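Peer 1: fold the following and give me the result.
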Amino acid sequence: MSQQAIIRGEVSFRVGDGVMMPIPQGPVEIEVADDSVTLGWLAHGSAGSTAITRDEYERYVAEGKIRVSDD
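Peer 2: Take a look at the predicted model:
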């Protein structure tokens, strides 16, 4: 089941073995699995998505950089 959240701070993901890329601030859709979380967003008319580890996700939530909607 997907949830809505807002990125409010520096949240990044690694592209393959390359550099860290920021996820744009604003609304995202999240799908939580046992070991990872998939985030999807729209920025400048283009869709983006990535998966991060559950540990990274929980750290970003604890830091207030990802704010999950209550509804």
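Peer 1: what about the chain, any weak spots by pLDDT?
Peer 2: For the chain, the stretches with pLDDT under 70 are 71.
Peer 1: show me where it has its helices.
Peer 2: With DSSP state H as the definition, the chain shows helices at residue ranges 54-62.
Peer 1: could I get the full set of strands for it?
Peer 2: Ranges of strands within the chain are 2-7, 12-14, 20-22, 26-32, 36-43, 46-53, 66-68, based on DSSP state E.
Peer 1: mean neighbour count and distance to residue 59 added to those strands, as TSV?
Peer 2: Just so you know, the C-beta spots here come from the backbone N, C-alpha and C atoms, and that holds for glycine as well. What follows is these, written out as TSV (neighbours: other C-beta atoms under 10 Å; distance: least, C-beta to C-beta, whole Å):
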stretch	mean neighbour count	distance to residue 59
strand 2-7	15	14
strand 12-14	14	12
strand 20-22	10	14
strand 26-32	15	14
strand 36-43	16	11
strand 46-53	13	9
strand 66-68	17	9
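Peer 1: neighbouring contacts of stretch 5-16?
Peer 2: Stretch 5-16 is contacted by residues 20-30, 39, 41, 50-52, 60, 63-69 when judged by C-beta atoms under 8 Å, 6 or more residues apart in numbering.
Peer 1: can you tell me the centre-most residue of this protein?
Peer 2: When the chain is reduced to its mean C-alpha position, the closest residue under C-alpha atoms, centre = their mean turns out to be residue 39, at 4.2 Å.
Peer 1: mind listing what the nearest residue to it once chain neighbours are set aside touches?
Peer 2: What sits nearest to residue 39 in space, not counting adjacent residues and going by C-beta to C-beta, 6 or more residues apart in numbering, is residue 28, at 4.9 Å. By C-beta under 8 Å, 6+ apart, the contact list for residue 28 reads 4, 5, 6, 7, 39, 40, 41, 66.
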